[in-house]
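Engineer: Pasting the sequence and the predicted model now:
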Amino acid sequence: MSGTALHLREMVDEYAELTRQQTAIKGCLEALKARFEKQAMADLKDTKRKSAVYWGSGQNRVVVQMAKSVKPISVTMLNEVLGNVAGDFVKQEVKITLTEPCKRLLAMVFQGNYTEGRLEELIQGISSDAKIQATLKKKLKGRWEKDTAALMQVAGLEEQQASDCAYLAAEVIGWEWLCQVLKAGGWSGSVQEAIEIIRSAVIVDESLKVGIELEN
């Protein structure tokens with residue numbers, strides 16, 4: 001085993017151990033928090049006080065505050081009751097939430113992760129066997145790892161060739177998906193015009209997220 005591989009293995013083990021410690025510490029903190037909340041509920045009962053303070057040694061202290069969450073059930077009824085001053089008391093905000101498929105589509109367009117073409121033509125270029133073509137048409141979904149495995153298994157491609165074809169398949173599938181969405185939405189302009197508008201309308205930031213799977 002090379003020095004780099006050994007060092008990485010040690011880093012993974014250290015990461016796993018620290019994650020276990022973090023989980024244990026978080027559990028202890030949550031248990032203590034629950035005990036402070038229970039104590040504060042008893043101490044604040046039948047009083048007008050909204051907070052309780054518990055001192056440790058030195059300047060250490062825990063402050064438990066009573067917070068209220070007020071959520072409207074009917075804004076229409078509130079507006080009716082408050083009348084002319086409703087605008088001073090009730091602020092209505094519009095929140096736009098993008099679905100996960102929409103995020104994937106917009107990110108794909110913004111980053112240029114597509115290739116104009118048709119999956120059927122790509123498959124025909126991979127194999128002339130009708131049976132293999134039909135199987136690949138069902139198997140290829142734009143997921144690089146699974147598509148690479150499918151191309152190796154079904155079409156008999158070498159790993160590097162399968163990887164390259166899977167990458168291209170994902171981009172072609174993305175292009176076809178974009179065209180289908182635009183058609184369904186009634187877009188009358190060109191695909192390129194839509195791409196330019198999308199790129200002007202959104203910003204996509206990429207960042208790395210580190211995760212770990214612990215051994216049981």
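Structural biologist: In hand now; what should we look at? Numbering: from 1, shown residues only.

Engineer: any idea how far residue 162 is from residue 44?
Structural biologist: To residue 162, residue 44 is 65 Å away according to Cβ to Cβ, to the nearest Å. From N, CA and C alone the C-beta is placed, and that goes for glycine too.

Engineer: which helices and strands sit right next to the worst-scoring helix or strand of the chain on mean pLDDT?
Structural biologist: Scoring the helices and strands of the chain by mean pLDDT, DSSP states H and E places helix 75-82 at the bottom, with a mean of 86. Counting by 3 or more Cβ pairs under 8 Å, 6 or more residues apart in numbering; DSSP states H and E, the packing neighbours recorded for helix 75-82 are helix 86-89.

Engineer: ok, then the element right after the helix it packs on?
Structural biologist: helix 100-111 (DSSP states H and E).

Engineer: Touching that next one from outside, list them.
Structural biologist: Applying Cβ atoms under 8 Å, 6 or more residues apart in numbering, the external contacts of helix 100-111 come out as 98, 113-114, 174, 177-178, 181, 195, 198-199, 202-204.

Engineer: buried sites along stretch 204-213?
Structural biologist: Going by neighbour count (16 or more other Cβ atoms under 10 Å), nothing in stretch 204-213 comes out as buried.

Engineer: Just the pLDDT for the residue positioned nearest the centre of the chain.
Structural biologist: When Cα atoms, centre = their mean is applied to the chain, the residue found nearest the centroid is residue 100 (7.2 Å). Predicted confidence (pLDDT) at residue 100: the value is 92.
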